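Trainee: My questions concern the predicted model and sequence given below.
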Amino acid sequence: MLKNNLIKHLKIVRRFVLLQWFALFDYDFIKSLLMNTIAHIPLPKYKRIVIIGAGFAGLRLARRLFNSGYQVVILDKNNYHQFQPLFYQVATAGLEPSAISFPLRVLFQKQEGFHFRIAELLSVDPQKQEVTTSIGRLPYDFLVIAAGGETNFFGNSQIQDQALTMKSVSDAIQIRNTILTNYERALNQIDANEMAAYLNMVIVGGGPTGVELAGALAEMKKYILPKDYPELDFGLMKIYLFEGSPRLLNGMSEKSGNQVAKYLKNMDVEVLLNTRVVDASPGKVVLQDGSIHNTHTLIWAAGIKAVQITGIPDHCFGNAGRLLTSEYSKVVELEHVFALGDIALMQNETTPKGHPQVAQVAIQQADCLATNLLREKDNKIWKKFVYTDKGSMATVGRNQAVADLPGIHLKGFVAWFLWSAVHLMSIIGVKNRFFIMWDWVWNYFSYNQTLRLLIKPNIPKNYTEDKN
Ligand SMILES: Cc1cc2nc3c(=O)[nH]c(=O)nc-3n(C[C@H](O)[C@H](O)[C@H](O)COP(=O)(O)OP(=O)(O)OC[C@H]3O[C@@H](n4cnc5c(N)ncnc54)[C@H](O)[C@@H]3O)c2cc1C
């Protein structure tokens, strides 16, 4: 009896000492060290939702889950949200990179149960319900993959080595730096052909990105570059837009595609349809008919594939590496794993090829999943996703745009004004909206873009980045 009492009391003392120890040294920190999980993320009070990617879909979902009672962990490669539709204006020196990027931590300030980390998803273990990331592992109750897409070179490594892409703000800055550097280099050329190679620009892909970029470059050629570089012969400069199919803007109406081709031709852009680029080497691109175009600026806007996700069984992937999902955005045959936006492929009778990879789809899918996750808490039945197409738009320059809205097609100034208003209202942050509006008004009336700065990071010789 005495012995039993002694053991009981010793156990109580031991538990007390252990509790003091954990309280003193931060239990979560010690646990994360022992288990290699992400540090300082406490065990959830209810359930944990891990969101991969804070793009249009991931960010929308996270914001819809404020005050929901779930613990939400958002992981992204970057510490900012990027507004992709205006990348081309950063690439052509029309907007500051910071005007179209928004710091994520600002959005999650004061949100209880929200945790953000800069981290890259390395793999998913659906059995263990756990992700492995560049900063450690993390178990989940629900996993939402919203990592978007990346450039598709369709396996052509020569083109991949030579081409610039436009999938991130960093890519857009790289295009801006390349264009400006090439113009400085053109000034040093005696030979006219060499000078032309530095002035020429080739854009591959006649979707919205390609046509918007071609239009912005044509405006630079007309209004800005001759003022900055009076010694250069701009008669030598050509802007090419190559498109593999018979028309531009395949995701929009034929009317819009033809109208945009007309606008671009009037702006002196050489639009070549049914034309595929098959090879590239420094200073050259080769077309399928064997013809060669000399350029040091090759921009690839011709394809998109899903960001690769390791650990998910092969049969869960569809065309271009997109994750096959049900109408509830659940990845097929996986429990508690969802995919949203560009990375998801939701096929049914109305959308046999899935939804278009545009911001509205990502936002609406996020809204639907948020509603369902909130219904899950209340044990209510989930709702199926139904896409409402609000229309699409593209612009090629001042007063020139096309818009396919439900039941109506617009072009010219009205479409351009609508495009500007919609994009301005879609930008996150009042300050960003103000700066963009200011830059647009300034550029519109002055015919001048003031951001033609060649700023490159100065990285110390032996510097290696700490990835942890
Ligand atoms: C140049 C350009 C112009 C466009 N213009 C338009 C337009 O005018 N209108 C329109 O509707 N749509 C447009 N789109 C398409 C639109 O931007 C996409 O459909 C939309 O961004 C998809 O949203 P998402 O959330 O699926 O992915 P994204 O918005 O791409 O977000 C993905 C996020 O995941 C992060 N991420 C990626 N991989 C990892 C990883 N391994 N680990 C952690 N984080 C990761 C990324 O950093 C990013 O923040 C354009 C796209 C581009 C590239």
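Mentor: Okay, I see it. Everything quoted here is computed from the prediction, not taken from an experiment. Numbering: from 1, shown residues only.

Trainee: Now name the helix or strand holding the residue lying closest to residue 85 once chain neighbours are set aside.
Mentor: Spatial nearest neighbour of residue 85, chain neighbours left out: residue 423 (6.1 Å); criterion: CB to CB, 6 or more residues apart in numbering. For glycine as for every other residue, the C-beta is placed from the backbone atoms N, C-alpha and C. Using DSSP states H and E, residue 423 sits in helix 412-426.

Trainee: How about the helix or strand following that helix, which residues are buried there?
Mentor: As assigned by DSSP H and E, the chain's next helix or strand after helix 412-426 is helix 430-446. Buried positions in helix 430-446, judged by neighbour count with 16 or more other CB atoms under 10 Å: 432-433, 435-436, 439-440, 443.

Trainee: what's the answer for stretch 452-463, then?
Mentor: Going by neighbour count (16+ other CB under 10 Å), the buried part of stretch 452-463 is residue 452.

Trainee: what residues does that stretch touch?
Mentor: When contacts are defined by CB atoms under 8 Å, 6 or more residues apart in numbering, stretch 452-463 is touched by residues 93, 177, 180-181, 184, 224, 228.

Trainee: now, which of these sits nearest the ligand?
Mentor: Taking CB to the nearest ligand atom as the measure, residue 93 is the one of the contacts of stretch 452-463 closest to the ligand, at 15.9 Å.

Trainee: The closest one reaches residue 220, doesn't it?
Mentor: Yes. Residue 93 is within contact range of residue 220, at 7.5 Å (criterion: CB atoms under 8 Å).

Trainee: which residues are common contacts for the two?
Mentor: Common neighbours of residue 93 and residue 220, using CB under 8 Å, 6+ apart, are residue 449.

Trainee: now the angle from the helix or strand harbouring residue 362 to helix 412-426?
Mentor: Here residue 362 sits within helix 359-377, counting by DSSP H and E. Going by axes from the mean of the first three to the mean of the last three CA atoms, to 10 degrees, helix 359-377 is angled at 30 degrees with respect to helix 412-426.

Trainee: I'd like the buried residues of helix 430-446 laid out as JSON lines, including pLDDT.
Mentor: As requested, the buried residues of helix 430-446 are exported to JSON lines (pLDDT from 0 to 100):
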{"residue": "432", "pLDDT": "88"}
{"residue": "433", "pLDDT": "90"}
{"residue": "435", "pLDDT": "88"}
{"residue": "436", "pLDDT": "90"}
{"residue": "439", "pLDDT": "87"}
{"residue": "440", "pLDDT": "88"}
{"residue": "443", "pLDDT": "83"}
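
Trainee: any chance of those residues in TSV, with distance to residue 80 too?
Mentor: Shown next, in TSV, are the buried residues of helix 430-446 (distance: CB to CB, whole Å):
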residue	distance to residue 80
432	11
433	16
435	15
436	16
439	19
440	21
443	24
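
Trainee: ok, and which of these reach the ligand?
Mentor: For the ligand, no contacts are drawn from these by CB under 6 Å from any ligand atom.
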